[in-house]
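[1] just coords:
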């Protein structure tokens, strides 16, 4: 079976499953249990919609969160991004780097993936949850568009 294409509907569903499931035991073993406990605590009450925007594509990924569960993922156009709680934007090449194993935390820290809209304080209060969700997205096999 071939991998889905980045920013295509089948990729969106694979991403939803991956971020909802969270990291596997091998990934969890690489960090202290208290790190994962912190993430679980930050994640549990989270509600909202994240828009992952590929700035050079007309299609963007929307992830809907309800009480820490990713309940919906869809590929949508620019108009749907207006309803997102948080908008994370980067050129397609950066999303491809994430898919190829780039460190999600560094991509955010060095502003290669940028928070374009959303409550900055609330975002950074849950930054490790966001980073681990991005890392999970990066582990989803996908072909370039």
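    Nice, thanks for sending it over. Source: prediction; values computed, not measured.
[2] pull out the buried positions in the helix or strand bottoming out on mean pLDDT in the chain.
    Lowest on mean pLDDT, DSSP states H and E among the helices and strands of the chain sits helix 78-81, with a mean of 91. Judged by neighbour count using 16 or more other Cβ atoms under 10 Å, the buried positions of helix 78-81 are residue 81. For every residue, glycine as well, the C-beta is placed using N, CA and C.
[3] now do it: everything it contacts.
    With contacts defined as Cβ atoms under 8 Å, 6 or more residues apart in numbering, helix 78-81 is touched by 51, 53, 58, 60, 62, 74, 87.
[4] how about the fifth one, secondary structure?
    Right, residue 62. Put simply, residue 62 is strand when judged by DSSP: H, G, I helix; E, B strand; the rest coil.
[5] surely it is in contact with residue 73?
    Yes - between residue 62 and residue 73 a contact is recorded at 6.8 Å, counting by Cβ atoms under 8 Å.
[6] could you point out which element follows the least confident helix or strand of the chain?
    Tracing the chain C-terminally past helix 78-81 and defining elements by DSSP states H and E, one meets strand 86-90 next.
[7] give me the residues contacting the following helix or strand past that following strand.
    Using DSSP H and E, the helix or strand that follows strand 86-90 towards the C-terminus is helix 92-99. Residues outside helix 92-99 that contact it (Cβ under 8 Å, 6+ apart): 6-7, 52, 54-57, 102, 104, 107, 112-113, 134, 137-138, 140, 142, 144-145.
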